[in-house]
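**Q** Next come a sequence and a model predicted from it.
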Amino acid sequence: MSGPLRTSVRKPRGRVRPELVYLGWQHAPTLTELGPMPAPPAEAKLDEVSADWIRAQRRVQARLDRPARLACAVAGAVAAAAAVCWQAGVMPAWAGLTLTVTGVCLAARFARQLIRTSRALRVQIQSEYQRVARIRAVQQARHLDLAEAHAQACRDWQRLSAAQRREPRWYPATVPVEVSRLDLAGGTASGWSALLTMIGSTRLAVGGAMTVLDMTEGTVATDLIAVARHLGIDPLVFVLPADLPALSLGSELDSEQLAEALALTAAAEPDGESDPVRDAALLTEVMAVLGPDATMHQVIAALRVLAQLGGPRPQHGADPLTGEQMTRLTAIWGRGSAHLGVERAWQLQTRLRVLAPLGSSPARMASSQLRVAWPDRGATPSAAMMLGRYLVAACTQTLRQAPVSQPWLQSMCVLGAERLPANMIDQLCDAAEGAGAGLLLGYRSIPPRVRERLGRGNAAVAFMRLGNAEDARAAAEQIGTEYRFVVSQLTDTIGASVTHTAGDTYSSTVGCADSASQAVTESRTVGRSRGHGHSRTAGLAPLAESGSVSRDASTSTAASDSRSVSEGINVGTSWGASTSAALGVSGSLAGSVQRSRELLIEPHELQHLPHTAVVVCQHSPAGRQVLLADANPAIMTLPTATLSRLPDPAARQHRPLGSRP
């Protein structure tokens, strides 16, 4: 990967934004599908005069001309025969002459008819040739139009294809600088190198400073160093322990801070045998005796003196300590405490003696944006462990004393952090967050103490290839699960029931009824009427007077009497039997749906990730986000890569093809 970076470095489109931490690249396929190049139009099929049609026309014309041709032949034969007979004297002259002239005339008439029909056939065939020629001209013109349209479509396709090749399809995968820490779990040396180069190159490009502590002994920062030199930055590289004399880390700390850093470095694993507080107090007393300008070689010598109390004194001139200092050191232990301190002093000098050359000749004091330190592969494992712990402890104390800066303006990468004690990791995280520095912790494996610290606090978690099955399972659980609706059970019930009912009924009824009725009716009617009338008329006629009186009276009487007597006896008997049968069949089919939790990424997939693939989990106001990115920094050299953020799909649909976001 370092080869392409050094030989073909291309400035990507867009600019690096200081408020983002660039982790890798996301591939976004283009939304415009061009398809294959337009196919050329089919070969033009020009019409031609059919030879079969011409033969058919000639055959039809021959059939139509057959009577005339036969008549012409007969007339010619008759004329010839008549002429021969006339000349031979067999036939009279007038008869021969008449037949000859008549035959010649008829033969000429039919011959003229044959010539006329033959000429009409030739004209018809010529007309057909002309018609086909006009059709061929139209077909050729249409084919030329199609060819021109195809050429234009090919030019448009080539233009769009070139624009599509320039269309950005690689967008950066980022986290905001508000995320103070990035926990990286898993990965290989090449994968870590790619991710470190991606993060470091972008932070250096915006003017930030980075410190890389590589405890993996794998020279992971080699590509980052090459990129920094290409950017015009002269990095400070320390390969320990060979470069310990030039390393000035910790020289700016006071005695108490340096003593605490050394005590934390020499502290063993939490087994109850070491007390960093007591060790820091002892180292503080030693430095107070040695003075403010004490070197690490003098501190180790003082611890050796304390550890060899009661033994032979070193020869004069062979020890960097003066006599007064040795006297004061021997007075540190009180009565009854020497046997307790000698053993601890021996352990301290045993663990810290690898740091004796530290800062003895600080010739490389120039500051740089990039500082890299890693233990040499030739160092012993215990020496490499002590060197790495001291680097982390000294950086922790330095961060505690540093002023608060802008987020990720100062960043630190600790690779192989699974080798550090848990309390050292916690102190480093607290110091980096307090100083506003960005922190990258890389863990090759996920032991229990690392598992419980992944993503703690304001941190994002990144996972690379995890070959171990237990680590992959832990990473899949850390990434999380999601709910899906699945069919959990299916119930099928079929039942049948048969019902049979039988019964009989018998009833007998006897009844008697009597009835009597009597009715008497009497009616009487009396009527009387009376009338009186009188009239008189006066006028020119003689007086007349008339009068009338009428009386009428009537009386009627009617009486009736009726009686009826009825008597009846009713007798009834009934008997019945009933039978009923019923058959019932019922069936039911029921399905229930419940929520099931499934892993977003299966452990098997984490074990087979590409070397530069990284799965990033972060929390945003929109919720948890899980994205897959490629940390290969060489992607930025592609013409389809851009440093601009990935736009929304809706915005990309309305953006013209080939335009820059």
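**A** Structure received. Residues are numbered from 1 along each chain as shown.

**Q** any idea where the strands of the stretch 201-350 of the chain begin and end?
**A** Here the stretch 201-350 of the chain has its strands, by DSSP state E, counting those that start in this stretch, at 209-214, 236-240.

**Q** now the shortest one against strand 209-214, angle please.
**A** Taking axes from the mean of the first three to the mean of the last three CA atoms, to 10 degrees, one finds that strand 236-240 is oriented at 20 degrees with respect to strand 209-214.

**Q** tell me the mean pLDDT over strand 236-240?
**A** Mean pLDDT, computed over strand 236-240, is 90.

**Q** ok, that strand: who's next to it in the sheet?
**A** Here strand 236-240 is paired, per DSSP bridges, with strand 370-375 (parallel).

**Q** before we move on, the earlier item: turn the strands of the stretch 201-350 of the chain into JSON lines, including distance to Q57.
**A** Where you see a C-beta, it was placed from the backbone N, CA and C, and this is true even at glycine. Below are the strands of the stretch 201-350 of the chain laid out as JSON lines (distance: least, CB to CB, whole Å):
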{"stretch": "strand 209-214", "distance to Q57": "95"}
{"stretch": "strand 236-240", "distance to Q57": "99"}
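
**Q** any chance you could map the strands in this structure?
**A** Remark: strands assigned in the chain by DSSP state E are 20-27, 170-176, 181-185, 209-214, 236-240, 370-375, 410-415, 438-443, 459-463, 481-537, 544-599, 613-620, 623-630.

**Q** ok, back up a step: quick check: which of the strands of the stretch 201-350 of the chain has the most neighbours on average?
**A** strand 209-214 (a mean of 23; mean count of other CB atoms under 10 Å).

**Q** which helices and strands does that one pack with?
**A** When contacts are defined as 3 or more CB pairs under 8 Å, 6 or more residues apart in numbering; DSSP states H and E, strand 209-214 packs onto helix 189-205, strand 370-375, helix 381-401, strand 410-415.

**Q** Same list (these) but as CSV, adding mean pLDDT.
**A** As requested, the helices and strands packed on strand 209-214 are arranged in CSV below (pLDDT from 0 to 100):
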stretch, mean pLDDT
helix 189-205, 93
strand 370-375, 92
helix 381-401, 91
strand 410-415, 94
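
**Q** among these, which is nearest Y22?
**A** Among the helices and strands packed on strand 209-214, the nearest to Y22 by CB to CB is helix 189-205 (4.2 Å).

**Q** export that closest one as PDB, just CAs?
**A** Only the C-alpha atoms of helix 189-205 are listed here, as PDB (Å, rounded to 0.1, in the frame of the first residue of the first chain):
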ATOM      1  CA  ALA A 189      -1.200  -5.100  10.500                       C
ATOM      2  CA  SER A 190      -2.100  -4.000   6.900                       C
ATOM      3  CA  GLY A 191      -5.600  -3.000   8.000                       C
ATOM      4  CA  TRP A 192      -4.300  -1.000  11.000                       C
ATOM      5  CA  SER A 193      -1.800   0.700   8.700                       C
ATOM      6  CA  ALA A 194      -4.500   1.700   6.300                       C
ATOM      7  CA  LEU A 195      -6.800   3.100   9.000                       C
ATOM      8  CA  LEU A 196      -4.000   4.900  10.800                       C
ATOM      9  CA  THR A 197      -2.800   6.400   7.500                       C
ATOM     10  CA  MET A 198      -6.400   7.500   6.700                       C
ATOM     11  CA  ILE A 199      -7.000   9.200  10.000                       C
ATOM     12  CA  GLY A 200      -3.500  10.600  10.400                       C
ATOM     13  CA  SER A 201      -3.100  12.100   6.900                       C
ATOM     14  CA  THR A 202      -6.400  13.900   7.100                       C
ATOM     15  CA  ARG A 203      -5.700  15.300  10.600                       C
ATOM     16  CA  LEU A 204      -2.200  16.400   9.500                       C
ATOM     17  CA  ALA A 205      -3.700  18.100   6.400                       C
END
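
**Q** Give me the packing partners of that helix, helices and strands only.
**A** Checking 3+ CB pairs under 8 Å, 6+ apart, helix 189-205 ends up next to strand 20-27, strand 209-214, helix 222-230, strand 410-415, strand 438-443, strand 613-620.

**Q** let's see 6 Å
**A** On a contact count with 3 or more CB pairs under 6 Å, 6 or more residues apart in numbering; DSSP states H and E, helix 189-205 meets strand 20-27, helix 222-230.

**Q** so which of the ones you listed is the most packed in?
**A** strand 20-27 (a mean of 22).

**Q** which other residues reach that one?
**A** For strand 20-27, contacts defined as CB atoms under 6 Å, 6 or more residues apart in numbering pick out 170-175, 198, 202, 614, 616, 629-631, 635.

**Q** which of the residues you listed tops the neighbour count?
**A** Comparing these by number of neighbours (other CB atoms under 10 Å), M198 comes first, having 30 neighbours.

**Q** I'd like the average pLDDT over the lengthiest helix in the chain.
**A** For the chain, the longest helix by residue count, based on DSSP state H, is helix 93-166. The pLDDT scores in helix 93-166 average 89.

**Q** and that helix, what other elements does it pack with?
**A** By 3+ CB pairs under 6 Å, 6+ apart, helix 93-166 packs against helix 51-88.

**Q** buried residues in the helix it packs on?
**A** Neighbour-count burial for helix 51-88 flags 61, 65, 68, 71-72, 75-76, 78-79, 82-83, 85-86 (criterion: 16 or more other CB atoms under 10 Å).

**Q** Among these, find me the one that's closest to A459.
**A** Out of the buried residues of helix 51-88, the member with the shortest distance to A459 (by CB to CB) is Q61, at 101.2 Å.

**Q** now that closest one, nearest residue through space, not along the chain?
**A** If the residues on either side of it in the chain are set aside, Q61 comes closest to L121, at 5.0 Å by CB to CB, 6 or more residues apart in numbering.

**Q** Count the residues that sit near that neighbour.
**A** If we define neighbours as other CB under 10 Å, then L121 has 18 of them.

**Q** Equivalent analysis for R353, please.
**A** Neighbours of R353 (other CB under 10 Å): 17.

**Q** among the helices and strands packed on strand 209-214, which is nearest V90?
**A** Using CB to CB, the nearest of those to V90 is helix 189-205, at 125.9 Å.

**Q** Among the buried residues of helix 51-88, which one lies nearest to R473?
**A** Q61 (95.4 Å).

**Q** what's the spacing between that closest one and R55?
**A** Counting by CB to CB, to the nearest Å, the gap from Q61 to R55 is 11 Å.

**Q** likewise A459?
**A** Taking CB to CB, one finds A459 at 93 Å from R55.

**Q** same check, this time on E452
**A** With CB to CB as the criterion, E452 and R55 are 99 Å apart.

**Q** rewinding a little: wouldn't the residue nearest to Q61 be in contact with R59 here?
**A** No - counting by CB atoms under 6 Å, L121 does not reach R59; the two are 11.0 Å apart.

**Q** The helices and strands packed on helix 189-205 into JSON lines, with extra columns for mean pLDDT?
**A** Below are the helices and strands packed on helix 189-205 laid out as JSON lines (pLDDT from 0 to 100):
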{"stretch": "strand 20-27", "mean pLDDT": "90"}
{"stretch": "helix 222-230", "mean pLDDT": "92"}
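
**Q** D156: which of those is closest?
**A** Using CB to CB, the helices and strands packed on helix 189-205 put strand 20-27 closest to D156, at 26.7 Å.

**Q** so the closest one versus strand 170-176, what angle?
**A** Using the same axes, to 10 degrees: strand 20-27 against strand 170-176 is 150 degrees.

**Q** Restrict strand 20-27 to CA atoms and write it as PDB.
**A** Taking C-alpha atoms only, strand 20-27 is exported to PDB below (Å, rounded to 0.1, in the frame of the first residue of the first chain):
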ATOM      1  CA  LEU A  20     -14.700  15.600  10.900                       C
ATOM      2  CA  VAL A  21     -12.500  12.500  11.500                       C
ATOM      3  CA  TYR A  22     -12.100  10.500   8.300                       C
ATOM      4  CA  LEU A  23     -12.100   6.800   8.900                       C
ATOM      5  CA  GLY A  24     -12.500   5.400   5.400                       C
ATOM      6  CA  TRP A  25     -14.600   5.400   2.300                       C
ATOM      7  CA  GLN A  26     -18.200   4.400   1.500                       C
ATOM      8  CA  HIS A  27     -19.100   3.200  -2.000                       C
END
